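K.L.:
Sequence first, then the predicted structure:
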Amino acid sequence: MELTSYLRIFRKRGWIVILVAVVAAVSAFGFSRLQTPVYSASVKLSINPARADWGLSNVTKDLLRNYAENIRTHTMAQEVIDRAQLDMDTTALLSKLFVSPAGDTFTLQLEARDTDPEVAMTIVQTMAEVFAEDRDEWNQRQDKRDRIEVSILDNVWNLGYQQYSPNTKINTAAGGLFGLLVGVLAVFFLEWLEQDVIRSAADVERAIGVTVLGSIPPAQSEGSTRLSSERRRLVSARRSPEASS
């Protein structure tokens with residue numbers, strides 16, 4: 001299909017594409033505004049081996065995944081609930097808590113999500129403190145050279161929180177793009193349905209690639225033919241006196 005054909009289609013049905021895109025974007029925006037916001041708060045734990053030893057460093061890296069699993073236990077969750085006086089059970093708390101170990105930086109990132117930002121910050125900060133204390137207690141039973149220190153890099157109350165979802169801007173943009181795609185598909189579908197329909201000389205020229213020099217007028221019915229004859233006689237009768245004068 002040539003560029004001129006695309007331009008013709010856009011001039012003819014471009015409003016459909018624009019309308020569908022606008023409707024989809026507005027719908028996505030409205031849906032995002034109706035959703036309950038979910039807030040996120042996070043804290044990083046630094047995991048430091050007691051000495052700069054290659055073997056101990058590798059052990060520490062391997063322990064990061066184990067630490068992440070220990071944090072997400074019902075025992076730790078219950079300790080957090082009791083200390084922070086949270087009105088939820090351990091299953092609900094763990095569904096809000098996410099732990100990401102990073103072996104290259106020797107850190108654990110704790111993230112909590114909740115519709116109440118204060119609850120999210122309380123969960124993540126209390127869990128970080130509980131786990132750090134648990135590791136400190138474990139270190140007291142180890143040789144100083146084999147200890148692995150756990151410390152909180154930043155207090156969540158200093159870091160604050162951010163909205164996790166919904167992301168209204170991204171949702172609106174995605175809705176607009178989706179509507180644009182649907183609109184384009186709808187336009188080409190309509191063109192496909194009408195590709196065999198001939199309505200004008202231009203349609204004939206596009207279909208067979210030959211210039212149209214003329215067209216046969218549509219046949220008139222018997223009633224319309226008599227009506228035209230009567231009109232011609234009336235016109236002739238009106239002109240006759242003028243001609244004789």
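P.N.:
Structure received.
K.L.:
going forward, measure contacts between C-alpha atoms and count neighbours the same way
P.N.:
Fine.
K.L.:
in the longest helix along the chain, what counts as buried?
P.N.:
When the chain is parsed with DSSP state H, its longest helix is helix 3-34. For helix 3-34, the neighbour count (16 or more other CA atoms under 10 Å) marks 13, 16-18, 20-22, 24-29, 32 as buried.
K.L.:
Take the residues you listed and write them to TSV, including pLDDT.
P.N.:
Listed next are the buried residues of helix 3-34 as TSV, based on pLDDT from 0 to 100:
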residue	pLDDT
13	81
16	86
17	86
18	89
20	89
21	90
22	91
24	91
25	90
26	91
27	91
28	89
29	89
32	81
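K.L.:
wait, which of the residues you listed is closest to residue 177?
P.N.:
residue 21 (6.8 Å; CA to CA).
K.L.:
related to what we said a few turns ago, next, format the buried residues of helix 3-34 as CSV and append distance to residue 41.
P.N.:
Shown next, in CSV, are the buried residues of helix 3-34 (distance: CA to CA, whole Å):
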residue, distance to residue 41
13, 48
16, 43
17, 41
18, 39
20, 37
21, 35
22, 34
24, 32
25, 29
26, 30
27, 29
28, 26
29, 25
32, 21
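K.L.:
Surely residue 108 is within a helix?
P.N.:
No - if the criterion is DSSP: H, G, I helix; E, B strand; the rest coil, then residue 108 is strand and not within a helix.
K.L.:
How far off centre is the longest helix of the chain?
P.N.:
17 Å (CA atoms, centre = their mean, to the nearest Å).
K.L.:
right, and the helix or strand after it?
P.N.:
strand 38-49 (DSSP states H and E).
K.L.:
Who are the packing partners of that following strand?
P.N.:
helix 54-71, strand 107-114, helix 117-139, strand 148-152, helix 156-159, strand 162-165 (3 or more CA pairs under 8 Å, 6 or more residues apart in numbering; DSSP states H and E).
K.L.:
Out of these, indicate the one that is most buried.
P.N.:
Highest mean neighbour count among the helices and strands packed on strand 38-49 (mean count of other CA atoms under 10 Å): strand 107-114, with a mean of 22.
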